[in-house]
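Undergrad: need a 3D model of the following:
(4 chains)
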Protein chains: 4
Amino acid sequence: MTATEPLPEPDPELDRLYADFAAGHMTPLWTQIGDLMPAAPTPRAVSHVWRWSSLFPLAARAGDLVPVGRGGERRAIALANPGLGGAPHVTPTLWAAVQYLGPKEVAPEHRHSQNAFRFVVEGEGVWTVVNGDPVAMRRGDLLLTPGWHFHGHHNETDHPMAWLDGLDIPFVHYTDAGFFEFGCDGVTDDSTPDVSRAERLWAHPGLRPLVGQGPKVNSPIAAYRWEHTDAALAAQLQLEDEGYPATTDPGHAAVRFTNPTTGGDIMPTIRAEFHRLRPGAHTRPRHDVGSNVFQVFEGSGTVHLGDVAWSVAKGDLIAVPSWVRWWLEADEPLDLFAFSDAPILERLHLARTHTPEGA
Amino acid sequence: MTATEPLPEPDPELDRLYADFAAGHMTPLWTQIGDLMPAAPTPRAVSHVWRWSSLFPLAARAGDLVPVGRGGERRAIALANPGLGGAPHVTPTLWAAVQYLGPKEVAPEHRHSQNAFRFVVEGEGVWTVVNGDPVAMRRGDLLLTPGWHFHGHHNETDHPMAWLDGLDIPFVHYTDAGFFEFGCDGVTDDSTPDVSRAERLWAHPGLRPLVGQGPKVNSPIAAYRWEHTDAALAAQLQLEDEGYPATTDPGHAAVRFTNPTTGGDIMPTIRAEFHRLRPGAHTRPRHDVGSNVFQVFEGSGTVHLGDVAWSVAKGDLIAVPSWVRWWLEADEPLDLFAFSDAPILERLHLARTHTPEGA
Amino acid sequence: MTATEPLPEPDPELDRLYADFAAGHMTPLWTQIGDLMPAAPTPRAVSHVWRWSSLFPLAARAGDLVPVGRGGERRAIALANPGLGGAPHVTPTLWAAVQYLGPKEVAPEHRHSQNAFRFVVEGEGVWTVVNGDPVAMRRGDLLLTPGWHFHGHHNETDHPMAWLDGLDIPFVHYTDAGFFEFGCDGVTDDSTPDVSRAERLWAHPGLRPLVGQGPKVNSPIAAYRWEHTDAALAAQLQLEDEGYPATTDPGHAAVRFTNPTTGGDIMPTIRAEFHRLRPGAHTRPRHDVGSNVFQVFEGSGTVHLGDVAWSVAKGDLIAVPSWVRWWLEADEPLDLFAFSDAPILERLHLARTHTPEGA
Amino acid sequence: MTATEPLPEPDPELDRLYADFAAGHMTPLWTQIGDLMPAAPTPRAVSHVWRWSSLFPLAARAGDLVPVGRGGERRAIALANPGLGGAPHVTPTLWAAVQYLGPKEVAPEHRHSQNAFRFVVEGEGVWTVVNGDPVAMRRGDLLLTPGWHFHGHHNETDHPMAWLDGLDIPFVHYTDAGFFEFGCDGVTDDSTPDVSRAERLWAHPGLRPLVGQGPKVNSPIAAYRWEHTDAALAAQLQLEDEGYPATTDPGHAAVRFTNPTTGGDIMPTIRAEFHRLRPGAHTRPRHDVGSNVFQVFEGSGTVHLGDVAWSVAKGDLIAVPSWVRWWLEADEPLDLFAFSDAPILERLHLARTHTPEGA
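TA: Numbers count the residues shown, from 1 in each chain, chains lettered A, B, ... in the order given. This is a model prediction of the structure:
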């Protein structure tokens, strides 16, 4: 927005007025409006890519130097968007961190208002115990810890494991909506089943247990297993090959992780999706209100963010601020996990998407 | 409801008034209220059990005598509730029929407002083609044909196949809401895939294709496969054995078939569930507003309907009118498919359930 | 639907089969489908007009001959659609009756699952007491008695009063969903305030009391007063005169009575509206799935039902069965109250409307 | 949250790790968690009261010195919460400003994603033109300008007028969700009707125009008039006097301004209410997640915020940050307008309320 009319000339009376405003804890709109209400979003957050090849070794060094325990609670290293002044926020609303748990280590139980998930880009052998239900973590899995669910983690193996934590910490902090409570110092159930009880009850396609009727705020599926995600994506590409509409763009399969009790997003503030591109395929350029974060799961390709093209490979993490034009291009088969704050924008009717080349 | 005050004495003036009412197409409430507005539902429909051992041979005889084709459309033999004066309604709102398709026969395509499903108690080898998507029918599967979807069936084998059709024909007829349209005389796609395209796109637990967002009126899952239903029920009983709440009553596992885009019922007028009882287990006696229909899938047991106990075995079909007390008891492991008009009652806020022994 | 293929020839084996079907409480679809599943609705109910000039005198005669009291409960005379075999149903789902209360008479309290309203075409002086809240009844008012609310009526004047009762009795009877309970023999509060407590709490535009948050099944507004309805309709016609879109058709103003806690219909099964046509105006011909009932409130005009034109005047009641083409034409300013079962059809996704001349 | 386990000892290797984190745009959780995830909200915003007796004269001085026109757009002076570092935010999510329009002045039209309302504590004579519909502004009225509606204001009188503007500017800025567009330089309709067209169509209790069906994102009622608000509050206190439950606390009447098409809040991000206390009455102390703002409309009393009691009088504006204990006490009859970000918290399932003395 460009001011088309001059602001008032410098004037001692005006200076006095502005000083009186300041003394009275007041601020005039007319000097602020361009920044406050731009023609389109002008995020402070910037596009950025963090390399797994840097992240993982740093996390491993922390594994040697920093204990896990009550107080610090988690050995999690947050991505700090370079535009946000050092705050540990990958975007204004979202938190993304690499969490690292050494052999036989335990992260003690706690609960908080913040919604959390874990996504496993490599490794296995940790169980996250969510409200007493042990959930195995394996490559490709998405694990949920919705708000106010107790949770702790324990590594049963002789090797370390690292994964992606995604939360709405910045949003809950911004809205002053967070509560936190310590739980048991270890984990309440250290058994190591292959499949959680939540999955056994809930992870059957289109089937609900009669004991769990009515809509639930969060998905009751504790773990979205890679075998299902992979099968769903593969099926979309096969259907495309057979001539049926199933893909989002040509060569671009995509699924959304959903709450089976509503059909909506897994948690009130966070959307999670998985995207697969055939070699040579690309997504349509788009601008979204709200922020997106991607992690390359497998393969390599190019992420176009505004006018910059970033080559990305396995494990790399990508932050896309609001309204930045973005698109993906696959060199080889490219699998990406994605999460965003879209439910916040949609539930408050602030969502907008623009696809300059048409939808 | 008992009249506590005498109705008016016989009187010639009153007779004249009643005659004038009749001539004017009017009816007084005061002579009707006891029947119209009883203290609790007094259904005309009665409890009844139809035996598979009778149904199937009759269907087979129809297979010899009655062709399938345009006009008659389907070789379906409806259960006619003995209380409903010969109308082909298993309850006031629901239709249940045995449909029989001989070797190599084809039931031509059509579509109608009425919502339909098929449940397969035995056999396989027929494909139902729903809006062009061939859906294999196999023992234990629930197949959907929501309102206004074109559908036809073809038997690819040398043996006949029979299954249960469930529809809301009586309700749609009663509300004068039905439309019907002929489609192609054969089927639009006679291929015989193991899995339908709808399943490949939709039958992944908690995963939705990005191309199909938003709530849908009907479940997009064309087929709920037995392997998933069986696994979900088995898991509930295992969880119970392990000491976790998962079953509806002790020894009574149950799942509801749902629309993954809403978490609600598969279709707007019909609920479908599957129940499994351990030997010796029983459900709690209950009275429901609305009507229930069961089909024994496997095992044997006793169905208590009001004061009558009916022994039931594989394939038997059971009609439970509104507010009749019912409960199930298993002799051996007992699996039952169930459907009802509960979504009608619930969406119109007329549902009530009473469990005399407590919930 | 016309059978395009011959049904099987007469045949003794077939006769035996049909007899065995009948004995086994079974009915073949192929002999029934044309009636059960027509190409478009073929209602048994017929279009009909009942004249206020006949209804009111008959009600008055009943006033002389039939007491009001416990047992008969109400001196209500139902309109019996000529197509429905004498059943006291104005359409398959709806009940419409003239209720008549003599000077100083009291109709005792009861409650039932059935949803009810009263609409007052003339007169005043009766209070309906709904869950203990006395609601004055005056010309033009719509008064609600949602399901399971206790209610009784008392006439405080020396003259009789008659009004229209609308209920979902046939629907609740059909679905076997009705419960009934007697209440106090008189009325629980015989005070005669101008305005009910429910109105004082709820009938303020866009304002809700903080004590009554959340969606409610039924509108909490006990009385929709004529002054508001009249003002809303007048405003639409004025806006039209000023060149703004406000009317449903040219010269046709219309409002829907709604539940302020949801924006939806007043009760789960019944829609109520008020229509006003300028002299010479007409509505667009339309076919609706579901049944409509109108009562002329003021003025005169013509109601076209299928191919028949009925001249109508104040108080006349009109039944429009499902899918019958209907339109209204005003000779002089024409005000009509309307109700229908549209919420049933809409909530179950069976609603359809066709406007042959375009929407 | 208190760390119960020591953080790692100072250590050069750790220093190097932290430096490498910083260089890689990463931040460890374990040094941040206490601030990021406190046991209960610890807002940076503080409780504060702005005096109308200061605000209005400052606004008047701005009226002399600062023109209104394209570029600055509005002569609005925002309340800057003393805890928020000078940002023009009354709370982290909300904007509250005094807008001042001199005799015959015009604020040009524009539109933006941000949702806005005006509340008039005194004066009249300005029309706000919302999507072409002129809306008179008078004492006690609440006027809506939902997101992306064009709007401008013009003062038709010879005296200035000032009012409260409330918006979600900080929230939309934070989420990078805002768009802005200039409109016409004057106003598109300079007529001065007493009642807007939106009100004529929509502000009838429980009545909706047939042309405007379906839920709408924002309330279509452009103006909630004082006469209705006042009547609704008076009725609650009268009902309380008569012995009926109608008030929120003894002597405390309250209404919420709602969207008649949903029964929910007027706009997706902002709740508005009006509270009236009898002399001597008080509200129950409470802690709310989310932020509240009050403006005294009439009367005087005490606002308790945490441990501080602030005497307040007409026009004073009060900011209550998240989770600060607050209650109101009336010296004389006390009328307050209130707004908050509660819809944000509720739609995202982050709302909590605590009433230490019981609900």
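Undergrad: tell me which stretches of the stretch 151-300 of chain A form helices.
TA: Taking DSSP state H, counting those that start in this stretch, the helices of the stretch 151-300 of chain A run over residues A:169-174, A:197-202, A:226-241.
Undergrad: figure out which of those is closest to C:Arg61.
TA: Among these, the nearest to C:Arg61 by C-beta to C-beta is helix A:197-202 (64.9 Å). Glycine gets a C-beta too; all of them are placed from N, C-alpha and C.
Undergrad: quick check, that closest one touching chain B?
TA: Yes. Using C-beta under 8 Å from any C-beta of the partner chain, we find that helix A:197-202 touches chain B at A:197, A:200-202.
Undergrad: other SSEs contacting that helix?
TA: Judged by 3 or more C-beta pairs under 8 Å, 6 or more residues apart in numbering or on different chains; DSSP states H and E, the packing partners of helix A:197-202 are strand A:133-138, strand A:207-209, helix B:226-241.
Undergrad: turn those into a markdown table, columns for mean pLDDT.
TA: Listed next are these as a markdown table, based on pLDDT from 0 to 100:
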| stretch | mean pLDDT |
| --- | --- |
| strand A:133-138 | 98 |
| strand A:207-209 | 98 |
| helix B:226-241 | 98 |
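Undergrad: save those as TSV, and put in mean neighbour count and distance to chain C too.
TA: Output for these, formatted as TSV (neighbours: other C-beta atoms under 10 Å in any protein chain shown; distance: least, C-beta to the nearest C-beta, whole Å):
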stretch	mean neighbour count	distance to chain C
strand A:133-138	22	32
strand A:207-209	24	21
helix B:226-241	18	26
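Undergrad: look up how far chain D lies from A:Val324.
TA: A:Val324 is 10 Å from chain D, where distance means C-beta to the nearest C-beta, to the nearest Å.
Undergrad: I'd assumed A:His287 was in contact with that residue.
TA: Yes. Between A:Val324 and A:His287 there is a contact under C-beta atoms under 8 Å: 7.0 Å.
Undergrad: ok, these two, which is more surrounded?
TA: A:Val324 (23 against 18; other C-beta atoms under 10 Å in any protein chain shown).
Undergrad: determine which two of the residues of helix A:197-202 next to chain B are furthest apart.
TA: Farthest apart among the residues of helix A:197-202 next to chain B by C-beta to C-beta are A:Arg197 and A:Trp202. That separation is 9.2 Å.
Undergrad: ok, back up a step: chain D is nearest to which of the helices and strands packed on helix A:197-202?
TA: strand A:133-138 (18.2 Å; C-beta to the nearest C-beta).
Undergrad: I'd like the next helix or strand past the closest one.
TA: strand A:142-145 (DSSP states H and E).
Undergrad: can you tell me the strand partners of that next one and which way each runs?
TA: Applying DSSP bridges, strand A:142-145 is found paired with strand A:116-119 (antiparallel), strand A:223-224 (antiparallel).
Undergrad: among these, which is the most enclosed?
TA: Looking across those with neighbours counted as mean count of other C-beta atoms under 10 Å in any protein chain shown, the highest average goes to strand A:223-224: a mean of 26.
Undergrad: now that strand: mean pLDDT?
TA: Regarding strand A:223-224, the rounded mean pLDDT is 98.
Undergrad: excluding covalently adjacent residues, which one is nearest to A:Leu55?
TA: Distances taken as C-beta to C-beta, 6 or more residues apart in numbering or on different chains put A:Val98 closest to A:Leu55, at 5.1 Å, once the chain neighbours are dropped.
Undergrad: got the CA positions of the helix or strand hosting that neighbour in PDB?
TA: A:Val98 is part of strand A:95-101, with elements assigned from DSSP H and E. Presented in PDB, the C-alpha positions along strand A:95-101 are these (Å, rounded to 0.1, in the frame of the first residue of the first chain):
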ATOM      1  CA  TRP A  95       7.600 -25.400  15.700                       C
ATOM      2  CA  ALA A  96       9.800 -27.900  14.000                       C
ATOM      3  CA  ALA A  97      12.700 -29.600  15.800                       C
ATOM      4  CA  VAL A  98      15.000 -32.600  15.500                       C
ATOM      5  CA  GLN A  99      14.600 -34.700  18.600                       C
ATOM      6  CA  TYR A 100      17.500 -37.100  19.500                       C
ATOM      7  CA  LEU A 101      17.300 -39.900  21.900                       C
END
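Undergrad: please tell me how far A:Arg256 sits from chain B.
TA: From A:Arg256 to chain B the distance is 5 Å (C-beta to the nearest C-beta).
Undergrad: and what of A:Phe56?
TA: 28 Å.
Undergrad: mind listing what's buried in the worst-scoring helix or strand of chain A on mean pLDDT?
TA: Lowest by mean pLDDT, DSSP states H and E among the helices and strands of chain A is helix A:33-36, with a mean of 90. For helix A:33-36, the neighbour count (16 or more other C-beta atoms under 10 Å in any protein chain shown) marks A:33-34, A:36 as buried.
Undergrad: so which bits of the stretch 251-359 of chain A are right by chain B?
TA: So the stretch 251-359 of chain A meets chain B at A:254-263, A:266, A:273 (C-beta under 8 Å from any C-beta).
Undergrad: most neighbours of all those residues, which one?
TA: A:Pro260 (29 neighbours).
Undergrad: for that one, list the residues it contacts.
TA: Residues in contact with A:Pro260, defined by C-beta atoms under 8 Å, 6 or more residues apart in numbering or on different chains, are A:202, A:206, A:208, A:219-221, B:205-206, B:258, B:260, B:263.
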